[in-house]
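Asker: Return a 3D structure for these sequence lines:
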Amino acid sequence: MHDRGKEIEDRLGRVMEERVRPAIHHGIADLRVEVWHVPPSPDGTVGEPVAFDVARAATYAPASVGDRWGPAWGTSWFHLAGTVPADPATTDVATPEIVFDLGWSTRRPGMQAEALVHRPDGSVVKGLNPQNSWIAVTPGEEIDLYVEAAANPTIGPGYTPTREGDRDTSTREPLYRISRAEICTRNVDVFELNADVDVLDGLQRSLGEGDARRWEIRYALERAAEALDPHDVVGTAAAARAELADVLARPAHASAHRITAIGHAHIDSAWLWPVRETVRKVSRTVANVTHLLDTTDDLRHCMSSAQQWEWLEESRPELFERVRGHVETGRFIPVGGMWVESDTNMVGGEAMARQFVMGKQWFIDKLGVDCEEVWLPDSFGYTAALPQIVKLAGFRWFLTQKISWNTVNKFPHHTFWWEGIDGTRVFTHFPPADTYNGTLAASQLAHTASNFRDKGIATRSLIPFGHGDGGGGPTRDMLSRARRTASLEGSPQVAIESPAEFFTAAEGEYGAAAPVWSGELYLEIHRGTYTSQARTKQGNRRSEHLLREAELWSTYADLLGLVDYPYDELRAIWKTVLLQQFHDILPGSSIAWVHREAELEYARVAGELEAIIERAISALAGAEAGSETGSGAGSDGAVFDASPVAFLGRGLDTLAGARYSTNERKRSTTEPEGSVLENEHLRVEVDESGVIRSIRDLDVGREVLPPGGAANLLQIHPDFPNKWDAWDLDRFYRNQVTDLAGSVSAGTDGSLEVHGAFGESTYTQVITLVGGRVDIETTVDWHEREKVLKLAFDTDVHTDRARYETQFGHVTRPTHENTTWDAARFEVCAHRWVQVEDGGYGVAVANDSTYGHDVTRHPRTGGGTFSTVRQTLLRAPRYPDPETDQGRHTFRSSLVPGAGVAEAAAAGYALNLPVRRVVGASVPPLVTVSGGTAYVECVKLAEDRSGDVVVRLYEPLGARTTVTLTPAFEASAVTEVDLLERPLQNDALAATEPITLTLRPFQIVTLRLARSTG
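Answerer: As a prediction, this is how the structure comes out:
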């Protein structure tokens, strides 16, 4: 037989595009449209959204198809009116609907104009977007609807710099034109014919040319085209469908791959739009989902991010109550249990825990749902500390698909056990569809089945379906595909089920045999997100540490009856900080508006936390001063140190307020001798260009730098990635480098100062010795474009690995490039420190706000190799924010010779938790750890406001240990609890009198101490 396959496909394609799809909706009556544009703000920028009552009371003007509307980020309200004909058509073959097209330029929802439809009482009908432009009405209805339309600009496509990402610089000209406003009938037969052909044509295209099923479907499609009169689509659609009934009825093979499909709408809490717009996106998407739930029986939908649920509750309470009803029936499913879908690389340990604590507790309190699956489909890699954290928060399963974006190595599993740094394992699934925005198209289903890496042993996978990133959610077209592929020969079997149903079945089928992946889930792309938007990252780091101090000192003051613990203030601040950790805010990949707001939010949070800390410390120092030193308190003071470990040269009790003499405050331990700094531990030599050329460790008599090496060396590279400007740092940036040189002079307080200039920028470095470390403060007035700035430290250390701090411990990564997996990690994330070591001698480099690092090996003069540790300070991408990182920045770094992990950690804490000096008396440590090594990460009062004290600590060295915890107050009971402060079966708690803990490497333990009331 002759091959007529392409002829059939081409014929079908034109018929569907030009005749069938346009015939789904047929205009039957005019729709009257009026518009009111929210007026500009007093400063000339676009007006902010207004409440429904304000919009309804406004004065509207006539509008019609072709009218322009909407400056970027503006809001226009449309009033729709008209009468639906009482008998538009036979109701079993056609239903009346309004079609209102705002003038969308592409078919992708969430990336351009969107709208929300209201009734006259302000209640919500549904959202409108390019894939969902219809509004259901009834025969004879008098239409009276209000449509809030957001003129969100399209940021892109491509990576061209744009000023549209901030309302202060965006265009004031209208971006959109009304392209359709009409009362129509939706012909059911035509709609269903379109769905039949969509599934069958997609299926046959996914099958091989030699597959008989492909040809069977092709000829059925040809017969359907013959039965369809292109001049009378409505009248002949049923006949065309009849030709397809047999091939649609063939059941799936028994061995067909099984797909759990769950409705989903990934909504970035900010990205190419500001947070205020996300609040509205959530309402639009949820309105669409609830409309589908109300009008169908088979949809089930999941939604993550407690923050977005709370926005819905606050901004649309009536819609929230509708959703709550569907939650109770199991059709609208809370998932993820996090406050937001956060970044996991850069978020600090305690903040990572609070993402789960606050998110999960919100779902329990508000919806009665205890989420068991972590839902992070789009974050840019996953820390090896996460398995333990999620298990301690009461989760069983983990889902992401982002690792499918790897550019070098294909991940070997889709379902597996993921093992963290402490040995905890969590059952994990990567949807083989390689998307979290599934459409259930046949090509997507076929890819899911063929791509599944665990076939032959496992038989099932999951796909989230629905328009996402900017929201939108599932559509009736997607549900039509799901129904037709529930059991269809040649296709995987699709069942709409909950994530919990999928995980339970998958673990039961495959859990005993599933492979284990140990360590981080490193994403081989988006490495620039460790550095972009430095102010956002600095704000995050500072906020995390201020929160630590505020909780610690407020707990202490409350225990002494001096200050009430500020539960509500701290909770509100935590919500702000956790929101800013969203995976497009903290990574620096959002528009200018988002990062400008983040900077303002961090400044506000810092002010509020400083006030809380000052209030608590003043009370503590004042109370002790009055009872201990009396009138003599004025000549002495206290140093309040919130660090869990003291650094050499600081010599203080940690988690305490230690005594100091005010006469010692200006004593310097370093004296510059030309270009030399020296104290009892170190001698540092600086050349005329301001680069450190020698660091002598006087305690052991060892040179820290290799021959010809350098420390504090600023290096600049070109940074123009192939795509994803703010996200990506491509390996070839290393091909060109310029070492910066300045001039050196004596500074104040025994320091050296370096001044230099490059391009359009200038820099200053202050080099100081503090005990056994070299502190370097680098200030850069940065005005480069598409460049990356690194701060390099050569170390005379021969090793093939380095340690990097992560949440509640550290990870060890190779510094060689033996495999493609090793070579792909040319830029990695670390928290407060990086450490390299040979033969028991180590060198650490600590930071106060830097996350991006690289550690490389180089041939050493005289033999062997040396290691270079570099911090990535600044980038200058132009998309999506063309002004990324422009301006003045200050970074503080420390190089610590002779440092093991403990010394590296101490230096990291010293930079991030500077001591606080107050006039007054000292207080003893609130809790003391002795007998071994464990760091206290958090001291706070219990979330249930019982007054119990919660202490969280962890083992930092990667070694088993036994420690004793001694509180400064009497505890009537000690309980080992999970992160939500619920009792656990004792694991680490070996005894309560005294409190004795036996910890495995990197184990996190949370204790709840009930205060004695006697």
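
Asker: which sections of this structure are below the confidence cut-off?
Answerer: By pLDDT under 70, the weakly predicted segments of the chain are 1, 88-92, 157, 623-636, 646-655, 657-674, 1014.

Asker: at 80 what do you get?
Answerer: 1-2, 87-93, 106-107, 156-158, 623-637, 646-674, 1013-1014 (pLDDT under 80).

Asker: Which residue lies nearest the spatial centre of it?
Answerer: residue 583 (2.1 Å; C-alpha atoms, centre = their mean).

Asker: separation between the residue nearest to residue 569 when sequence neighbours are not counted and residue 701?
Answerer: Excluding the flanking residues, the one nearest residue 569 by C-beta to C-beta, 6 or more residues apart in numbering is residue 612, at 6.3 Å. Quick note: C-beta positions are derived from backbone N, CA and C, even for glycine. From residue 612 over to residue 701 the distance is 47 Å, taken as C-beta to C-beta, to the nearest Å.

Asker: And these two? Which one has more around it.
Answerer: Neighbour count, other C-beta atoms under 10 Å: between residue 612 and residue 701, residue 612 has more, with 24 against 7.

Asker: follow-up on the earlier one: list the contacts of the residue nearest to the centre of the chain.
Answerer: Residue 583 is in contact with 268, 340, 341, 342, 343, 376, 378, 379, 380, counting by C-beta atoms under 8 Å, 6 or more residues apart in numbering.

Asker: Who are the contact partners of the last one?
Answerer: The one in question is residue 380. 343, 345, 402, 523, 525, 526, 529, 583, 587, 727.

Asker: quick one: it from residue 34, how far?
Answerer: Separation of residue 380 from residue 34 (C-beta to C-beta) stands at 45 Å.

Asker: that older thread, helix, strand or coil for the residue nearest to residue 569?
Answerer: Under DSSP: H, G, I helix; E, B strand; the rest coil, residue 612 falls in the helix class.

Asker: from what I can see it touches residue 552, true?
Answerer: No - contact criterion C-beta atoms under 8 Å: residue 612 and residue 552 do not qualify, at 10.8 Å.

Asker: just so I have it, where are all the strands in the stretch 451-600 of the chain?
Answerer: All strands of the stretch 451-600 of the chain, identified by DSSP state E, counting those that start in this stretch, fall at 460-465, 493-496, 516-518.

Asker: elements contacting the first one?
Answerer: Pointing back at strand 460-465 there. If contacts are counted by 3 or more C-beta pairs under 8 Å, 6 or more residues apart in numbering; DSSP states H and E, strand 460-465 sits against strand 258-263, helix 442-451, helix 499-510.

Asker: Which one, of those, ends up nearest to residue 247?
Answerer: helix 442-451 (13.0 Å; C-beta to C-beta).

Asker: counting contacts, what elements does the closest one pack onto?
Answerer: In terms of contacts (3+ C-beta pairs under 8 Å, 6+ apart), helix 442-451 is packed against helix 188-206, strand 258-263, strand 460-465.

Asker: go again using 6 Å as the cut-off
Answerer: Helix 442-451 sits against helix 188-206, with contacts defined as 3 or more C-beta pairs under 6 Å, 6 or more residues apart in numbering; DSSP states H and E.

Asker: Pull the distance from the helix it packs on to the chain's centre.
Answerer: Centroid separation between helix 188-206 and its chain, computed with C-alpha atoms, centre = their mean, to the nearest Å, is 37 Å.

Asker: Can you list the buried residues in that helix?
Answerer: Neighbour-count burial for helix 188-206 flags 188-204, 206 (criterion: 16 or more other C-beta atoms under 10 Å).

Asker: Kindly report the same for stretch 965-982.
Answerer: Using 16+ other C-beta under 10 Å as the test for burial, stretch 965-982 gives 965, 967, 971, 974, 975, 976, 977, 979, 980, 981.

Asker: which residues are contacting that stretch?
Answerer: Defining contact as C-beta atoms under 6 Å, 6 or more residues apart in numbering, one finds that stretch 965-982 is touched by 353, 357, 392-394, 559, 924, 926-929, 942-943, 950, 983-984, 986, 989, 992, 995, 1006-1010, 1012.

Asker: Let's see the distance spanning it from one end to the other.
Answerer: Using C-alpha to C-alpha, to the nearest Å, the end-to-end distance of stretch 965-982 comes out at 20 Å.

Asker: And for stretch 139-153?
Answerer: Start-to-end, stretch 139-153 (C-alpha to C-alpha) is 36 Å.

Asker: Show me what it is in contact with.
Answerer: If you take C-beta under 6 Å, 6+ apart as the criterion, stretch 139-153 is touched by 70, 72, 74-84, 86, 88, 102, 113-118, 120, 164, 175, 273.

Asker: Name the residues of that stretch that come out as buried.
Answerer: Of the residues in stretch 139-153, 141, 143, 145, 146, 147, 148, 149, 150, 151, 152, 153 count as buried by neighbour count, 16+ other C-beta under 10 Å.

Asker: Can you list the strands that whichever strand or helix holds residue 76 pairs with?
Answerer: According to DSSP states H and E, residue 76 maps onto strand 75-83. The strands beside strand 75-83 in its sheet (DSSP bridges) come out as strand 32-37 (antiparallel), strand 142-150 (antiparallel).
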